[in-house]
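**Student:** here is my input, please return the structure:
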Amino acid sequence: MDTCTTLTRRVENLEQDKIAQALEITKLKLREVAVKKSVDVGESVDVQGRQAESQAQIYQIDLEHANKVLSMQDDEGEPAELQEVVEVVTTAKLITEVVTPASATLTDA
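**Tutor:** Purely as a prediction, here's the structure:
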């Protein structure tokens, strides 16, 4: 009788192990599907990137144009340019102030 009880418990434990292993296999299969999808998405992004580059070559479009334009705008040069503009405007105002009274004098004569 002890042998029968021992064997019955062993069978029950094996069935529980079988169920646990089946559950683990199912989880691994789901993870595999998720990994394959992420790899497919990554590959499609690469393909789309290559397609965009080939389309740009076909239509002679420079994909880096915006970056080039933005890099050409040098923020460090602006203060010197601004100072030059202020000097030009100040000089123009001085010339206008000097020329305006002189032209009024000539008109009155």
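**Student:** what's the mean pLDDT across the host helix or strand of Val33?
**Tutor:** According to DSSP states H and E, Val33 maps onto helix 2-58. The average of the pLDDT scores along helix 2-58 is 82.
**Student:** which neighbouring elements make contact with that helix?
**Tutor:** Counting contacts by 3 or more CB pairs under 8 Å, 6 or more residues apart in numbering; DSSP states H and E, helix 2-58 packs against no other helix or strand. (Glycine included, C-beta is placed from N, CA and C.)
**Student:** quick check, pLDDT for Asn67.
**Tutor:** Model confidence at Asn67 (pLDDT) stands at 67.
**Student:** next, count neighbours for Arg10.
**Tutor:** Arg10: 10 surrounding residues under other CB atoms under 10 Å.
**Student:** quick one, what contacts it?
**Tutor:** Going by CB atoms under 8 Å, 6 or more residues apart in numbering, Arg10 touches no other residue.
**Student:** now do the contacts for Ala91.
**Tutor:** Not Ala; residue 91 is Thr. Neighbours of Thr91 in contact, by CB under 8 Å, 6+ apart: none.
**Student:** so for it, what's the pLDDT?
**Tutor:** 73.
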